[in-house]
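Colleague: Got a predicted model here, sequence first, then my questions.
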2 protein chains.
Amino acid sequence: MIGDFDTTIKGFNELIKKIKYYNEALTLLFWDLRTGAPKKCVGGRSEVIGMLSAEIFGLSTSEEMGEYLDYFEKEENNAGLDAVLKATVKECRKEYDKCKKIPPEMYKEYVILTSESESVWEEAKKKDDFQLFRPYLERIVKYNLEFVELWGYKDNKYDTLLDFYEPGMTVEKLDRIFAQLKERIVPLVAKISRSENAPDSTIFTKYFDPRQQEAFGLYILEKMGYDFEAGRLDESEHPFTTEIGPGDVRITTHYYPNLFSSALFSSIHEGGHALYEQNIDPELRGTPLHTGTSMGVHESQSRFWENMIGRSYTFWKCHYEELRKIFPEQFEGVSLEAFYRAINKVEPSLIRVEADEVTYNLHVMVRYEIEKALINQEIQVADLPEIWNAKMQAYLGVVPPNNQKGVLQDVHWSGGAFGYFPSYTLGNIYAAQIENAIRKEFPDLDEMICRGELLRIKAWLGDKIHRHGKLLQPAEIMKSVTGEEINPQYLIDYLENKYKEIYAL
Amino acid sequence: MIGDFDTTIKGFNELIKKIKYYNEALTLLFWDLRTGAPKKCVGGRSEVIGMLSAEIFGLSTSEEMGEYLDYFEKEENNAGLDAVLKATVKECRKEYDKCKKIPPEMYKEYVILTSESESVWEEAKKKDDFQLFRPYLERIVKYNLEFVELWGYKDNKYDTLLDFYEPGMTVEKLDRIFAQLKERIVPLVAKISRSENAPDSTIFTKYFDPRQQEAFGLYILEKMGYDFEAGRLDESEHPFTTEIGPGDVRITTHYYPNLFSSALFSSIHEGGHALYEQNIDPELRGTPLHTGTSMGVHESQSRFWENMIGRSYTFWKCHYEELRKIFPEQFEGVSLEAFYRAINKVEPSLIRVEADEVTYNLHVMVRYEIEKALINQEIQVADLPEIWNAKMQAYLGVVPPNNQKGVLQDVHWSGGAFGYFPSYTLGNIYAAQIENAIRKEFPDLDEMICRGELLRIKAWLGDKIHRHGKLLQPAEIMKSVTGEEINPQYLIDYLENKYKEIYAL
């Protein structure tokens, strides 16, 4: 394995390519399961997935991998690596340590626990029975506390978990960010709730033929510059984007015949994720850098397209006519203004995934505060329902009638994904910062969007963000794109300006 | 690896399960490439496929596998195995020897040659340029001659190749079978060609909406008992059936808007293959026995459903009304009799895949005779176009105007698949024998089909053939189902009786 420098590079490249290739097969297996694999194969298919996952885990933590990493981390060898290989070594080391620091037996127990607990969570949610899920969640928290001890941490235990999803993000920064948001968004939501100028969104509950919804979704995706020769659009229970491999970034949506806005905005949202994955520098293929730099930056791309573009007046000034051509009866007598207001209705509600762009961040804040306190052992799992409801009341002014619509609504914790939720709000914040940067670059941005010139925006994002993949860190990218670090002020300004007008506050 | 008896069985089962699981992932990759994977992923995806294939090859020919096989072949150990494990050991040995007897370097050269040669063949066919393909085919034949020497053979070199597709089949038997067919089918085709009672099949060239063609295909597949919870129907360039894994047997067809009969009969044909794979005993899962026993027996299932059932008068007596409901305009004024005659039009033609059930076997005979002579070094690749055309003239009375529509039409030889073609005719022969056996079991078969009771037929085939998978040899299955060995007389009788009536001979 370790030979002269060039041979060793060759061997290392072979190993990471192998991991990539197994991942490609694995990702297709997942995509297939979620888009139409027949029911009766699910049990058997899970075993195939389990075996391939174990294989990938084995390769990523193999002695061979360890030796390569040790070799390339030596100063004299590291100096000879190009930027891509340097970053690849760092990335592999991160994954290697993450896995290796946990004793194999413990890791195995945890994998079994979380896979069981996802089923238990499903059942608990269905039955609205928090007590059923509680012992599982307690054990998952306990494992994560032990993991953090093994992985190590500096200031805050939760930092270590955050870092997996948003490299460089810390509790210190997030606390500041959420405090700033809370100060302005909570009052904004309260004002909106009291406003008597609420838009009417009942127009979306007429009957919209799924095949025609699909046709319009394809139209929009094409305008955004989604490359259909390097992807496809399918239907699944929950919308998602997946990069199966180079030249193959697929998206899905879900068509509700009586809720037109759902598939429309989820298609645009997933399209935003897909543009990121489709436009990564081909130089990074076959390395772990051929992906988005973080969950937050990824989410910034989907949110930018969904909200800053897809929910803008200028966008629909260009495309509303086409929509009315496809659904003439449904939108008869609905003016562009009424349509624009309808897609921007804000309403404090119970369910995060159905939330509008203003209240969404408050849903995330509830979860962030709870996770942080759990991992720092300041609260108990047993008290979560009560804490949840109190925070909902405080930030959104609504209280779930049961745990199904409250603390049990999200899948994340049942899989142990602590530290993931903040990415959603980071995405919104980044998106607003990016929009501001684009406006500087294109002073006539509104006219461009009116003229349907989205491909110029896509190209700009590709050049500034997408092509770098994971070669640059989130903070580096944001700095180079916007000239500053993460700053929630742009999101606050964007939301205040937009909704003051819509709600005539 | 080799420990006490039980541990060794456990280890062996793990190894063959691993091979199965890799194959499952690989099969999904192939299915996906053929049903809608985006264009731009093809290059990269081929590398993933290459790696997984190499992995499977490595496992199947590993030292570990060799040690297991040696161990379980020892009399004292073999005696302790159940029937499934005994057959599994035999099957693995066959694969092991097939691969191991060829020096790795030689095998690698051959894999590269055949993969190149498939592209060259495509180009040669497009350009109608046999000389382009000739050197490749010459090398492929040369390699196969060397392989046969390494694998060994008894009476005829071609037997070794035949055996891969139809275990137990020999030139001696095939010569007898084809002679018998030739004696009766060649004159039958000649009589039909001269007949003035040819059916009119132009009704199928009207416009048939692909989505409605699909709807009718789904209707028929459901009647046949195809389990949609353990499979799905998609579209691809060429129709095929694939068992991706347990509970997942998918079929595809291709819709031609102006050739209705094509997708209809290919759906029934693939449905026949799929019923076989869907109804193998779950006990055989995770072993190489969970598949059809041979290409010929597999083809008998597709041909039985396509021709004996799908092209029968009684079948359409039951389903023609439904078809007319879906396509009222296209079949206006077309009587059931006219429809039945149209789907049974016989016409000597140039292209095998478009041939009717009578002439099909003559196309196969041309290829069989050529392959046998090539492998026995009685003819030269350079002379193939001439030989091909002479045989077409002799058996079918038609001569290709060029090599594109002659010797270059099939993909098989470019991949080195010598010995495969006879399976098609074996399938037809078996199908007729099986039909005869079913008639004995159900004296009221025609009434059953008229009443649409296809599930009873499906169940019978499942019990007699499908469930055994590869646990029984083709000859064993045919013997137990029909009471005799392969016998082409039933096919001859079936074709003569049916077409004497249709063509009023």
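Modeller: All right, it came through fine.
Colleague: Name the residue of the stretch 301-450 of chain A that lies nearest to chain B.
Modeller: residue A:326 (18.4 Å; Cβ to the nearest Cβ). (C-beta placed from N, C-alpha, C; glycine too.)
Colleague: Check whether that residue really touches residue A:216, as I assumed.
Modeller: Yes - assessed by Cβ atoms under 8 Å, residue A:326 is found in contact with residue A:216 at 5.2 Å.
Colleague: So for the two, which sits in the more crowded spot?
Modeller: Legend: neighbour count by other Cβ atoms under 10 Å in any protein chain shown for residue A:326 and residue A:216, higher for residue A:216 (20 against 15).
Colleague: Next up, the contacts around residue A:77.
Modeller: Going by Cβ atoms under 8 Å, 6 or more residues apart in numbering or on different chains, residue A:77 touches A:5, A:8, A:71.
Colleague: Next, count neighbours for the first one.
Modeller: Other residues near residue A:5 number 14, with proximity taken as other Cβ under 10 Å.
Colleague: Quick check, pLDDT for the closest residue to it other than its chain neighbours.
Modeller: Computed as Cβ to Cβ, 6 or more residues apart in numbering or on different chains, the closest residue to residue A:5 that is not its neighbour in sequence is residue A:80, at 6.1 Å. Residue A:80 is assigned 96 on the pLDDT scale.
Colleague: what helix or strand is residue A:80 on?
Modeller: Using DSSP states H and E, residue A:80 sits in no helix or strand.
Colleague: isn't it right next to residue A:6, touching?
Modeller: No - using Cβ under 8 Å, residue A:80 makes no contact with residue A:6, being 9.6 Å away.
Colleague: neighbour count winner among those two?
Modeller: A direct count of neighbours by other Cβ under 10 Å for residue A:80 and residue A:6 places residue A:80 higher, at 12 against 9.
Colleague: Quick one: the helices in the stretch 251-400 of chain A, in order.
Modeller: A:260-278, A:295-303, A:313-326, A:336-342, A:360-375, A:384-396 (DSSP state H, counting those that start in this stretch).
Colleague: Summarise which helices and strands the fifth one is packed against.
Modeller: If contacts are counted by 3 or more Cβ pairs under 8 Å, 6 or more residues apart in numbering or on different chains; DSSP states H and E, helix A:360-375 sits against helix A:130-151, helix A:157-165, helix A:171-194, helix A:384-396, helix A:422-441.
Colleague: Show me what the second one packs onto, helices and strands only.
Modeller: Applying 3+ Cβ pairs under 8 Å, 6+ apart, one finds that helix A:157-165 contacts helix A:130-151, helix A:171-194, helix A:360-375, helix A:422-441.
Colleague: what do you get for the longest one?
Modeller: Helix A:171-194 is packed against helix A:157-165, helix A:360-375, helix A:384-396, helix A:422-441, helix A:489-502, with contacts defined by 3+ Cβ pairs under 8 Å, 6+ apart.
Colleague: what pLDDT, on average, does stretch A:465-478 get?
Modeller: 97.
Colleague: Phi, psi for residue A:198 please.
Modeller: phi -60, psi 130 (degrees, to the nearest 10).
Colleague: Give me the number of neighbouring residues for the residue lying closest to it once chain neighbours are set aside.
Modeller: Excluding the flanking residues, the one nearest residue A:198 by Cβ to Cβ, 6+ apart is residue A:345, at 6.6 Å. By the measure other Cβ under 10 Å, the count of residues near residue A:345 is 17.
Colleague: My read is that residue A:344 contacts residue A:502, right?
Modeller: Yes - counting by Cβ under 8 Å, residue A:344 does reach residue A:502; the two are 5.5 Å apart.
Colleague: list residues touching both of the two?
Modeller: Common contacts of residue A:344 and residue A:502, defined by Cβ under 8 Å, 6+ apart, comprise residue A:199.
Colleague: where does stretch A:55-72 sit relative to the chain's centre, distance-wise?
Modeller: On the basis of Cα atoms, centre = their mean, to the nearest Å, stretch A:55-72 sits 28 Å off its chain's mean C-alpha point.
Colleague: got a list of what residue A:137 touches?
Modeller: A:117, A:381, A:384, A:413, A:414.
Colleague: same deal with residue A:159?
Modeller: Taking Cβ under 8 Å, 6+ apart as the test, what residue A:159 contacts is A:153, A:169, A:170, A:171.
Colleague: Around the spatially closest residue to residue A:352 that is not a sequence neighbour, how many other residues sit close by?
Modeller: Counting by Cβ to Cβ, 6+ apart, residue A:363 is the residue found nearest to residue A:352 once chain neighbours are left out, at 4.0 Å. Neighbour count of residue A:363, defined by other Cβ under 10 Å: 26.
Colleague: Also residue A:303?
Modeller: When neighbours are defined as other Cβ under 10 Å, residue A:303 has 29 of them.
Colleague: Surely it is in contact with residue A:269?
Modeller: Yes - applying Cβ under 8 Å, one finds residue A:303 in contact with residue A:269, separated by 7.4 Å.
Colleague: Scan chain A for its longest helix.
Modeller: For chain A, the helix that runs over the most residues, judged by DSSP state H, is helix A:5-35.
Colleague: what helices or strands is the very next helix or strand once past it leaning on?
Modeller: Using DSSP H and E, the helix or strand that follows helix A:5-35 in sequence is helix A:42-60. With contacts taken as 3+ Cβ pairs under 8 Å, 6+ apart, helix A:42-60 sits against helix A:5-35, helix A:83-100, helix B:5-35, strand B:241-245.
Colleague: what does helix A:42-60 rub up against?
Modeller: Helix A:42-60 is contacted from outside by A:15, A:18-19, A:22-23, A:25-26, A:29-30, A:33, A:37, A:65, A:92, A:95-96, A:99, B:18, B:21, B:24-25, B:245-248, B:285, using Cβ under 8 Å, 6+ apart.
Colleague: what's the burial count for residue A:254?
Modeller: 16.
Colleague: list the contacts for it?
Modeller: Going by Cβ under 8 Å, 6+ apart, residue A:254 touches A:235, A:236, A:237, A:238, A:239, A:262, A:263, A:266.
Colleague: the domain parsing of chain A - what is it?
Modeller: When chain A is parsed with automatic domain parsing, its domains come out as A:5-100, A:202-347+A:443-474.
Colleague: Could you tell me how many residues sit around residue A:1?
Modeller: For residue A:1, the count of nearby residues is 15 (other Cβ under 10 Å).
Colleague: just the one 3 residues further on next, same as before
Modeller: Neighbours of residue A:4 under the rule other Cβ under 10 Å: 8.
Colleague: Could you measure from it over to chain B?
Modeller: According to Cβ to the nearest Cβ, to the nearest Å, residue A:4 stands 25 Å off from chain B.
Colleague: Next, that residue: phi, psi?
Modeller: phi -70, psi 170.
Colleague: likewise residue A:249?
Modeller: Backbone torsions for residue A:249, taken as degrees, to the nearest 10, come to phi -120, psi 110.
Colleague: what does residue A:417 give?
Modeller: The phi/psi pair for residue A:417 (degrees, to the nearest 10) is phi -80, psi 60.
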